[in-house]
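Sharing a model prediction with you, sequence too.
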Amino acid sequence: MGQTEDDIKEIKELKEYTNNLEVINEGLRHSFEELTTLYRLVEIIAEAKTLERVLNSLLDLVAEIISCEGAMLFLVDEKTGEVDIALKRNISRKIEQKVNLQNRQKVIEWTLKKGKTIAMPDIEEDPSDSEKVTFVLVPLIAHDKPVGLIDIITDTPEGDITTKDLSLLTILAKQAALSIENVKLYESMKRDQISIIRALSSTVDAKDHFTLGHSQKVSEYSLKIAENMGLSERDIETIKYAALLHDIGKIAIPDDIIKKPTKLTAEEFDLVHKHPIIGSMIIKEIESLAPMVPIILHHHERYDGKGYPDGLKGEAIPVGARIVHVTDAYDTMVSARAYRDMIPPELAVSELRKNAGTQFDPKVVEAFITILRKNSVGYDGQNGF
Amino acid sequence: MDPKEQEEAINKILGKLKALPTLSIVVAKVIQVVSNPLTSASDLSRIITVDQALTAKVLRLANSAFYGFPFRIKNITQAVSILGFDTIRNLALTVSVYKVFTGENESDFSHQDFWKHCVGVAICASLLAKKIKYRSPEGAFTAGLLHDIGKNFFEQFMHKEYRDVMKLAKERNISVFEAEMEVMKIDHTIVGKMMAEKWNLPHELKAGIASHHHPEQETQENVMAHLINVADIICKKKSIGFSGDYVIMPISKEGRELFSLDEAGEEELMNDLDKELKEAEAFVNMPQ
């Protein structure tokens, strides 16, 4: 009998032990799922490349953590320190009114100052208002500095929100804040880069009043052609800016040669023909502009190999350079120059057509003519888009 | 020192410690519930509101200038949702611990000044904690408030002897810590540690209480021990309140390194401390 009693006791203990293990296992599975979700969310945020995408995916992802009727995203203005709304999602007028209650701004300021994720009850005192919502405010903080804030409108009463919900939101917000900072930094570098390109480009055009706006035109035409030819987004951008800089090498050529109204001597011609090489050498110094160097270097190569500086032929010439070669020639023809009057657009187009296959890439010429027709520009003498 | 004499003295204190009231069952539940991530604000509120006096005190602190929330926080659920689970747990804990020590007021070091010292250490420790991104600035704050509970014990339950300690420290210009050893044969950090054990306080708080004079002895929660150690010294240097000590120890090399406290860092910390201390009136007045 004693034996059996012991057995029963042992079985009981074993059962309890297994039960405990199951509880622990359940807990572990839960944590693992949470970690997996979080990892996935954080990755999505980290990979977003533009501010708009970061903000949009942040609002998408928040809904995976907490039931979310709508959401608003505020960003802190770096210069003024003011908090402004940047994005809204499913915000009804009524909610908007609740948000705009006078003290609301103070709560947002408090949350940013404390860096705390909080759940705010609906403070609407109107007893007839049956649709009570909760506002979950999650500050976005990067490098100890407030970047913005997410305001989540949820039908979960503030009392039902758990520590887990709040900490998941906080971690997601942390990653989002870092991404926002990165994207902003990237975008401001990009803006600086474009300003540098524009400044450089206008220094060349300014050397000769006949060429004012020439680089800008060549850039606009080239962009359209690149788009029409179905090039990649990155190539299109490179061509757009390389076209702006194509003549940058002319900085090194004396003004009296550039402005000379009569025929150039052989020596002067040699000098002018060096401008693609000089230009590529200047731009090579700016690391981030490196992809533009081949276009600048080869924009005077001819399709039949009789151009300069390297005498490249056909497809060996970078596509951007083939495009700029056509648009440069066209804009030069339809504009007045020191040594001749302007040529009417119709005549310039037939000139392009006549030299397609020899001087010009026929595919580029064809794309260009399609565009000129579609925009009926070039034919009205304005040659603008 | 005669070991027998020492044993007797310690036994006497142990007897008194045993007789110390337990913390309310409410607080024990609060500590347990907050450690579960699936606890909601309502869950926590249901537990706290059982004790009306505690509820009122927690709400008073939650609405104090120290937290400075722009709206009136009406109930515990809101207090938890807005100030956070950890803050409310720590407020409940602090209120309960200090409930044990209210009543007697005749003493050599005035309660008000002693309290001010504890609040100063709490704020300073949480500032340091934020500076080094310590996992729980809230915990540092609470440990700061409670770090000298051993002194409260002496003051309340061994009032006469503790007067001698204070006198001795002043006359011989030695630290309170040393004077305690001489008169009571035991010091306030050991008593504090025993209290923390009796009340089942979270380990990080116990570390701040037990090792704030010898942070190097704490292995598990070493950072917390250093936090309270440095905060304590800074408040003494700056004469924030009065802890009974006339002797001020220098900040240890480890402490300076851990919190990157060069001269400029120390000054910045002291300025921040001044600012926050002005808003912490409610904590200084809490025991009343």
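On my side now, so go ahead.

Name the residues of the helix or strand encompassing A:Asp270 that are buried.
Following DSSP states H and E, one finds A:Asp270 within helix A:266-272. Of all the residues in helix A:266-272, those buried under the rule 16 or more other C-beta atoms under 10 Å in any protein chain shown are A:Glu268. Placement of C-beta: from N, CA and C, glycine included.

Need the CA coordinates for it. PDB is fine.
The C-alpha trace of helix A:266-272 is given here as PDB (Å, rounded to 0.1, in the frame of the first residue of the first chain):
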ATOM      1  CA  ALA A 266      43.200  75.400 -85.000                       C
ATOM      2  CA  GLU A 267      44.900  76.100 -81.700                       C
ATOM      3  CA  GLU A 268      41.800  77.700 -80.200                       C
ATOM      4  CA  PHE A 269      39.800  74.700 -81.400                       C
ATOM      5  CA  ASP A 270      42.100  72.300 -79.600                       C
ATOM      6  CA  LEU A 271      41.600  74.200 -76.400                       C
ATOM      7  CA  VAL A 272      37.800  74.200 -76.700                       C
END
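
Tell me the helix or strand right after it.
Downstream of helix A:266-272, the first helix or strand assigned by DSSP H and E is helix A:275-284.

Give me the distance between the very next helix or strand once past that following helix and the centre of its chain.
Toward the C-terminal end, the helix or strand that comes next after helix A:275-284 (DSSP H and E) is helix A:293-298. Chain-centre distance of helix A:293-298: 24 Å, with C-alpha atoms, centre = their mean, to the nearest Å.

What lies in contact with helix A:293-298?
Contact with helix A:293-298 is made by A:238-239, A:242-243, A:245-246, A:248-249, A:276-277, A:279-280, A:283-284, A:309-310, A:312, A:317-318, A:320-321, A:324, as judged by C-beta atoms under 8 Å, 6 or more residues apart in numbering or on different chains.

wouldn't A:Ala338 be in contact with A:Thr262 here?
No - with contact defined as C-beta atoms under 8 Å, A:Ala338 does not count as touching A:Thr262 (9.1 Å).

And these two? Which one has more around it.
Taking other C-beta atoms under 10 Å in any protein chain shown, A:Ala338 and A:Thr262 do not tie; A:Ala338 has more neighbours (13 against 7).

Going by secondary structure, the residue nearest to the more buried one when sequence neighbours are not counted is in what exactly?
Excluding the flanking residues, the one nearest A:Ala338 by C-beta to C-beta, 6 or more residues apart in numbering or on different chains is A:Pro261, at 4.8 Å. If you go by DSSP H and E, A:Pro261 is not part of any helix or strand.

List only buried entries from the contacts of helix A:293-298.
Neighbour-count burial (16+ other C-beta under 10 Å) is assigned, among those, to A:238-239, A:242-243, A:245-246, A:248-249, A:276-277, A:279-280, A:283, A:312, A:317-318, A:320-321, A:324.

Now intersect the residues you listed with the helices, please.
A:Thr238, A:Ile239, A:Ala242, A:Ala243, A:Pro276, A:Ile277, A:Gly279, A:Ser280, A:Ile283, A:Gly320, A:Ala321, A:Val324 (DSSP state H).

And the contacts of stretch A:248-257?
Under the contact criterion C-beta under 8 Å, 6+ apart, stretch A:248-257 has outside partners A:200-201, A:203-204, A:207-208, A:258, A:264, A:268, A:271-272, A:274-283, A:296.

Please name the residues that touch B:Asn36.
Listed by C-beta under 8 Å, 6+ apart, the contact partners of B:Asn36 are A:Thr163.

mind redoing it with 10 Å?
Listed by C-beta atoms under 10 Å, 6 or more residues apart in numbering or on different chains, the contact set of B:Asn36 reads A:Thr162, A:Thr163, A:Lys164, B:Asp43, B:Phe85.

about what we covered before: neighbours of the residue nearest to A:Ala338, how many?
By the measure other C-beta under 10 Å, the count of residues near A:Pro261 is 8.

Surely it is in contact with A:Arg337?
Yes - with contact defined as C-beta atoms under 10 Å, A:Pro261 and A:Arg337 form a contacting pair (8.9 Å).

any idea how chain B splits into domains?
Taking automatic domain parsing as the criterion, chain B consists of the domains B:3-20+B:105-284, B:22-99.

Mean pLDDT and distance to A:Val138 added to these, as CSV?
Output for these, formatted as CSV (pLDDT from 0 to 100; distance: least, C-beta to C-beta, whole Å):
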stretch, mean pLDDT, distance to A:Val138
domain B:3-20+B:105-284, 89, 18
domain B:22-99, 89, 13
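
Tabulate the ones you listed (JSON lines), appending distance to A:Met342.
JSON lines is the format used below for the domains of chain B (distance: least, C-beta to C-beta, whole Å):
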{"stretch": "domain B:3-20+B:105-284", "distance to A:Met342": "67"}
{"stretch": "domain B:22-99", "distance to A:Met342": "68"}
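
Specify the stretch among the ones you listed that is closest to A:Leu35.
Comparing the domains of chain B against A:Leu35 with C-beta to C-beta, the closest turns out to be domain B:22-99 (12.6 Å).

what distance separates that closest one from the centre of its chain?
With C-alpha atoms, centre = their mean, you get 17 Å for domain B:22-99.

Need the distance between the two termini of that domain.
11 Å (C-alpha to C-alpha, to the nearest Å).

ok so B:Leu20 is a helix residue?
No - using DSSP: H, G, I helix; E, B strand; the rest coil, the secondary structure at B:Leu20 is coil, not a helix.

mind pulling up the phi and psi values for it?
Here is the backbone geometry of B:Leu20 (degrees, to the nearest 10): phi -60, psi 130.

That one against B:Gly150, yeah?
No - counting by C-beta under 10 Å, B:Leu20 stays clear of B:Gly150, with 11.7 Å between them.

Report the set of residues contacting both of these two.
B:Met194, B:Met195.

Those two - which one has more neighbours?
In this view B:Leu20 and B:Gly150 are compared by other C-beta under 10 Å, and B:Gly150 has more residues nearby, 23 against 15.

Now that one: which helix or strand?
Going by DSSP H and E, B:Gly150 is part of helix B:149-157.

which bits of the stretch 51-200 of chain B sit near chain A?
B:67-78, B:80-87, B:130-131, B:133 (C-beta under 10 Å from any C-beta of the partner chain).

and the residues you listed, which are buried?
Using 16+ other C-beta under 10 Å as the burial test, those include B:67, B:69, B:73, B:75-78, B:80-87, B:131 as buried.

check contacts around residue 210.
Using chain A. When contacts are counted by C-beta under 10 Å, 6+ apart, A:Phe210 touches A:Ile258, A:Lys259, A:Thr332, A:Ser335, A:Ala336, A:Arg337, A:Ala338, A:Tyr339, A:Met342.

You answered for a different chain; I wanted chain B.
Taking C-beta under 10 Å, 6+ apart, we find B:Ala210 in contact with B:147, B:150, B:189-197, B:203, B:217-218, B:221, B:225, B:228.

Among these, name the ones in helices.
B:150, B:189-197, B:203, B:225, B:228.

Let's see if you can find the most crowded of the residues you listed.
Among the ones in helices among the contacts of B:Ala210, B:Ile228 has the most neighbours (other C-beta under 10 Å), with 30 neighbours.

wait, doesn't that residue sit right on B:Gly208?
Yes - B:Ile228 is in contact with B:Gly208 according to C-beta under 10 Å; the separation is 4.2 Å.

where does chain A dip in pLDDT?
Along chain A, the model assigns pLDDT under 70 to residues A:1-3, A:100-103, A:123-130, A:376-385.

hang on, the earlier thing: shared neighbours of B:Ile228 and B:Gly208, anything?
Counting by C-beta under 10 Å, 6+ apart, the residues touching both B:Ile228 and B:Gly208 are B:Val121, B:Ala122, B:Ala125, B:Ala140, B:Ala143, B:Gly144, B:Leu146, B:His147, B:Pro215, B:Glu218.

Helices of the stretch 151-288 of chain B, residue ranges please.
Ranges of helices within the stretch 151-288 of chain B are B:159-172, B:176-184, B:188-198, B:203-210, B:222-237, B:253-258, B:263-278, B:281-284, based on DSSP state H, counting those that start in this stretch.
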